[in-house]
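**Q** Structure for this input, please:
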Amino acid sequence: MERFSPSFFGRQLSLRRVLPAAVLLAVAGILYFWRLNDAPMLMGGDEAYFAMHARSIALTARDVDGRFLPLFFRIDPTTWYQPMLVYLMAPVLKVFGVSEWTVRAPIAAIAVLDVLLMYGVAKRLFGGVRHAVFAALLMAMTPVHVITGRMAMDYLCPVPFVLGWLWCLLVAMDTGNAWWALGAGGLLALGFFSYIAAWFMMPVYFLLTLAALWWTRDRSRLMLAAAGGFLAPLLPFVAWLRSHGDVLGTMLARYQFADSHHEWQQSIRDLLHFFVIQERLSLYWRYFDPVYLFLAGSPDPVLGTRKAGVFLVAVGVLLAVGLYDIVRRSDRSSLVLAGVVTAPIAPVLVNSGNAIQRQLVLIPFVVLARVYGARRLLQHPAKLVRVATVLLLVSLPLQFAYFAHDYFTDYRIRAAARIDPINLREVARSLFAGEWGPIPRVYLGEALDDGVARWRFYLGKYGRDDLLAHTWTIDPPARNVWNVLQPVPMMPVRDDTIPPGSVFLLNANDPGMAELVGDGRCCELVREVRAPSGAPASLLIRKTR
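**A** Next up is the predicted model:
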């Protein structure tokens, strides 16, 4: 009969192989895309900057400064953003328009990709579907992965390159195929353009690649292929940096690797000072503080809910056993141990404490180490140990459910004031709902947190780009105004230069409010916009005569 034919059985077998990945894709897709427009509740400043440049690229193939398809994106005189997230975001905005959901969709897709890549890496490393599914679910349930996988910031961008590199390296070690070694090196090179921490970590992983391939039968051929894959794409990048020295110098100075004169050689020498080494070693150990990793998480309310650590509590036990199991081995599992040990290098070098956003490459290695730990405990001869392990594993989804409930409810309100202190979403909704009528000009208080970037985002969302040319920024005393689009000199504000109906947007505690509405001046306070928590956030003032 047909149902017993080899071809039909082959299709069944193929479906059985694809089914776990398909289920993981569905689960991860729901977790990372559900309510993406309002969790987080408000649009962060960095998210707005990425969206601002991505939309400009989508519409004109130039950034907001007019540069054609630039390699890096300038935010301010000391800040440059990596290009990857901008170029991933641009086609989405081109097709679907500007909204919180479309801006965050590319990073959510990266988070889902991480889950699928973890499934592939774990299956290659452990040789079984059960372990692979367990590793992928652990990846999806990592609290910091959920938080950063739903914000339009590039913190998470290096992780898929690390997972892809690890998978290619394992295949190259298993098969001796130089093309996979070439791919491993190439993925590390591409990862340079994902996030600034990758500038420190990708060379570390390249050295780990050479060390791992050294023990293979065809080590010379594989190491040469990996080196070619890693170095060839970076040569044009190095040449570009040499011809744009201000970019490299500015970025090094921002992360304390150069002074104001870009003397990075002296900064490198300073790192070798005895007391600096002591300080950085102390900082390194703090990145493995159990309270930070498994209980409290990041002190930044944007990157941690304080209801869970960087990882779930039970992970601590599984991680400790897993690392012990790896140390007793002498096989390729050493890559996992090396990944855990080297993960804090980037934040330690820039002297940044508890900056989990610069250490997210730790996640895949901790996940794999947990699988080693769970496997060893479940194979323990003592029944009590096996029962305790099962209870630990059951606690993982239970604690994650508690974390997820808080993330989609109270955390949104707690984090809102930190993400957008002026609640510009409500400001834009009020201005563009049709209640205000024509708005000839908008004046933004200079003290607004990333106010111009957020304003441009909401102009795009509501289709009011026409107001961009009529948007000015004003200093805190509300006396001087200058156009944000052209480098014109500051000029004094006089009542006769401001068209009636113009709107001023100020911080709730901006002293300029008294300058505008006090003593019967020409303006009136129309609305006090409040944060989701109910605290005052910003003021909307309008010129009436």
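**Q** Could I get the contacting residues of the residue nearest to the spatial centre of the chain?
**A** Geometric centre of the chain, nearest residue: Tyr155, 2.6 Å, by C-alpha atoms, centre = their mean. The neighbourhood of Tyr155, defined by C-beta atoms under 8 Å, 6 or more residues apart in numbering, consists of Thr148, Tyr195, Gln357, Arg358, Leu360. C-beta here means a position set from N, CA and C on the backbone, and glycine is covered the same way.
**Q** Per-residue pLDDT of it, please?
**A** Predicted confidence (pLDDT) for Tyr155: 96.
**Q** Which residue comes closest to it once chain neighbours are left out?
**A** Gln357 (4.1 Å; C-beta to C-beta, 6 or more residues apart in numbering).
**Q** Surely Leu505 is in a strand?
**A** Yes - assessed by DSSP: H, G, I helix; E, B strand; the rest coil, Leu505 belongs to a strand.
**Q** neighbours of the residue nearest to it when sequence neighbours are not counted, just the number please.
**A** Leaving out its chain neighbours, the residue that sits closest to Leu505 by C-beta to C-beta, 6+ apart is Leu444, at 5.3 Å. Close neighbours of Leu444, defined as other C-beta atoms under 10 Å, add up to 22.
**Q** what are the pairing partners of the helix or strand harbouring Leu444, and which direction each?
**A** Element membership for Leu444 (DSSP states H and E) is strand 442-445. Using DSSP bridges, the strands paired with strand 442-445 in its sheet are strand 471-474 (parallel), strand 503-507 (parallel).
**Q** who wins for proximity to Phe274 among those strands?
**A** Closest to Phe274 of the strands paired with strand 442-445, according to C-beta to C-beta: strand 503-507, at 45.8 Å.
**Q** Pull the distance from that closest one to the chain's centre.
**A** Relative to its parent chain, strand 503-507 has a centroid offset of 30 Å by C-alpha atoms, centre = their mean, to the nearest Å.
**Q** after that strand, next one along is what?
**A** In N-to-C order, the element after strand 503-507 by DSSP H and E is helix 512-517.
**Q** list the buried ones in that following helix?
**A** Gly512, Met513, Glu515, Leu516, Val517 (16 or more other C-beta atoms under 10 Å).
**Q** What is the most widely separated pair among those residues?
**A** Those two in those that are separated most widely, counting by C-beta to C-beta, are Gly512 and Val517, at 9.7 Å.
**Q** Tyr32 sits in which helix or strand?
**A** helix 6-33.
**Q** and Thr544, how many neighbours?
**A** 12.
**Q** quick revisit: name the residues that touch the strand holding Leu444?
**A** With C-beta under 8 Å, 6+ apart, strand 442-445 has contacts from 431, 451-452, 455, 467, 470-474, 476, 478, 481, 484, 498, 502-507, 510, 512.
**Q** Buried ones among these?
**A** 431, 451-452, 455, 467, 471-474, 478, 481, 484, 498, 502-507, 510, 512.
**Q** can I see the domain layout of the chain?
**A** With domains defined by automatic domain parsing, the chain comprises 18-243+287-413, 420-543.
**Q** closest one to Phe274 among those domains?
**A** Using C-beta to C-beta, the domains of the chain put domain 18-243+287-413 closest to Phe274, at 15.8 Å.
**Q** Show me how far that closest one is from its chain's centre.
**A** Using C-alpha atoms, centre = their mean, the offset of domain 18-243+287-413 from its chain centre is 9 Å.
**Q** And stretch 409-425, by the same measure?
**A** With C-alpha atoms, centre = their mean, you get 18 Å for stretch 409-425.
**Q** Go through that stretch and flag the buried ones.
**A** 411-412, 414-417, 419-425.
**Q** tell me the mean pLDDT for it?
**A** pLDDT averaged over stretch 409-425 gives 94.
**Q** got a list of contacts for the host helix or strand of Leu398?
**A** In this assignment (DSSP H and E), Leu398 forms part of helix 383-407. In this structure, residues lying in contact with helix 383-407 by C-beta under 8 Å, 6+ apart are 31, 39, 138, 141, 143, 146-147, 305, 307-308, 312-315, 317-318, 374, 377-378, 380.
**Q** Compute the inter-axis angle for the very next helix or strand once past it and helix 383-407.
**A** Next in sequence after helix 383-407, counting helices and strands by DSSP H and E, comes helix 410-419. With axes from the mean of the first three to the mean of the last three C-alpha atoms, to 10 degrees defining the directions, helix 410-419 sits at 60 degrees from helix 383-407.
**Q** Which elements pack onto the helix or strand just after helix 410-419?
**A** Downstream of helix 410-419, the first helix or strand assigned by DSSP H and E is helix 424-431. Helix 424-431 is packed against helix 451-461, strand 523-530, strand 536-543, with contacts defined by 3 or more C-beta pairs under 8 Å, 6 or more residues apart in numbering; DSSP states H and E.
**Q** Hmm, Arg221 is touching Trp179, no?
**A** No - counting by C-beta atoms under 8 Å, Trp179 is not a contact partner of Arg221; they are 10.9 Å apart.
**Q** hmm, back to that, give the buried subset of the contacts of helix 383-407 as a ChimeraX selection command.
**A** To isolate the buried members of the contacts of helix 383-407 in ChimeraX, using 16+ other C-beta under 10 Å:
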select :31,39,138,141,143,146,147,305,307,308,312,313,314,315,317,318,374,377
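**Q** Can you tell me which of the contacts of helix 383-407 end up in helices?
**A** Among those, the members falling in helices (DSSP state H) are Leu31, Leu138, Pro143, Val146, Ile147, Val315, Val317, Leu318, Ala374, Leu377, Leu378.
**Q** coming back round to it: what's the most buried one of the helices and strands packed on helix 424-431?
**A** helix 451-461 (a mean of 23; mean count of other C-beta atoms under 10 Å).
**Q** I would like the residues contacting that helix, please.
**A** With C-beta under 8 Å, 6+ apart, helix 451-461 has contacts from 43, 45, 47-49, 51-52, 55, 97-99, 103, 420, 422, 424-425, 427-428, 432, 442, 444-445, 465, 467-468, 471, 473, 484, 505.
**Q** Go again with 6 Å.
**A** Outside of helix 451-461, the residues within contact range by C-beta atoms under 6 Å, 6 or more residues apart in numbering are 43, 48-49, 51-52, 55, 98-99, 424, 428, 444, 465, 467-468, 484.
**Q** can you check stretch 156-175 too?
**A** Against stretch 156-175 from outside (C-beta under 6 Å, 6+ apart): 84-85, 110, 113-114, 117, 120-121, 124, 148-149, 180-181, 183-184, 187-188, 191, 194-195, 198, 209, 216, 222, 360-361, 364.
**Q** do stretch 241-248 as well
**A** If you take C-beta under 6 Å, 6+ apart as the criterion, stretch 241-248 is touched by Phe72, Trp80.
**Q** in it, what's buried?
**A** For stretch 241-248, by 16+ other C-beta under 10 Å, it's Leu241, Val247, Leu248.
**Q** helices or strands up against the helix or strand containing Val133?
**A** Per DSSP H and E, Val133 falls inside helix 129-140. Helix 129-140 sits against helix 6-33, helix 100-126, helix 362-378, with contacts defined as 3 or more C-beta pairs under 6 Å, 6 or more residues apart in numbering; DSSP states H and E.
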